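Q: Provided below for reference: sequence and predicted model.
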Amino acid sequence: QVQLVESGGGLVQDGGSLRLSCGASGRTISNYAMGWFRQAPGKEREFVAAVNWSGSRTSYADSVKGRFTISRDSAKNTVYLQMNSLKPEDTAVYYCAARNTFLFVTNQKYDYWGQGTQVTVSS
C-alpha cells in the first residue's frame, strides 16, 4: 500500500505562485508514475499533470501548460507541482495520485490517491 499526503495549498492572489508537495509512505514510489488532478466546486475531477517513473517525461493539461511544472525527488519519495501565474480558475482541491506502472496516463486510472489540498486563488 502507498499512502499519499498533499501539502502546500492555501490562499494566493491572482498571478501568485504555490508549490504543492505529495509525500509518499508505505513503499517507495520510484517505480510509479505520478499524477496531479484537481476538482473545482461543482465540477468533475480533471487531469492537471503527470510524470513518468524516472522524471524524464511529463504531460500537462492545456489549461496549465507553461504555468505549472511537475517534478519528483525519488530520494525524498516526493512529487511536486510548482504553480506559477495562478488564476482564479485554478481554484480547486488538488489531488496527488500514484500508478503502479512506469508510464503515466492522463485519465484517472491511478492506484492510490491522496486526500487533497485546497488551492484558492483570489482575484
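A: Received the coordinates, thanks.
Q: Let me see the backbone angles for the closest residue to Ser122 other than its chain neighbours.
A: Once flanking residues are discounted, Ser122 sits nearest to Gln13: 5.5 Å by Cβ to Cβ, 6 or more residues apart in numbering. Where C-beta positions appear, they are placed from N, C-alpha and C, glycine not excepted. Main-chain dihedrals, Gln13, degrees, to the nearest 10: phi -80, psi 160.
Q: For Gln13, give me the pLDDT.
A: At Gln13, the pLDDT value in this model is 98.
Q: just checking, it touches Thr120?
A: No. Assessed by Cβ atoms under 8 Å, Gln13 is found out of contact with Thr120, at 10.1 Å.
Q: Looking at those two, which is more packed in?
A: Set Gln13 next to Thr120 and count neighbours by other Cβ atoms under 10 Å: Thr120 wins out with 15 against 10.
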